[in-house]
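>>> Please work out how this folds:
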Amino acid sequence: MYGWLWRHLPGPTAVRVVVALMLFVAVVAVLFLWVFPWVEPRLPFTDVTVDESATATALRASALGWLA
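Here you go, the predicted structure:
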């Protein structure tokens, strides 16, 4: 894919590097400005499957050396 992109960029090597960097910055900007904010509410970050009491018990057991 990168070879195909490099072959289709116009100009000599220096111009290709600048155009490739501009394309990279544009893709990152689109991801951060539109794609990630759109996807974030759809991800299950708040769907917790472990309750707090089980986590606290496991941490205490680990601190006391009960779990190897």
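
>>> Name the surrounding residues that touch the longest helix anywhere in the chain.
Counting by DSSP state H, the longest helix found in the chain is helix 13-30. With contacts defined as Cβ atoms under 8 Å, 6 or more residues apart in numbering, helix 13-30 is touched by L5, W6, L9, P10, G11. Where C-beta positions appear, they are placed from N, C-alpha and C, glycine not excepted.

>>> I'd like those as CSV, with pLDDT and secondary structure appended.
Formatted as CSV, the contacts of helix 13-30 follow (pLDDT from 0 to 100; DSSP: H, G, I helix; E, B strand; the rest coil):
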residue, pLDDT, secondary structure
L5, 91, helix
W6, 92, helix
L9, 94, coil
P10, 93, coil
G11, 95, coil
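
>>> List buried residues within these.
Neighbour counting by 16 or more other Cβ atoms under 10 Å classes none of the contacts of helix 13-30 as buried.

>>> so which of the residues you listed comes closest to R42?
Using Cβ to Cβ, the shortest approach to R42 within the contacts of helix 13-30 belongs to L5, at 29.6 Å.

>>> Please name the nearest non-neighbouring residue to the closest one.
Leaving aside its chain neighbours, L5 sits nearest to A20 (7.4 Å; criterion: Cβ to Cβ, 6 or more residues apart in numbering).
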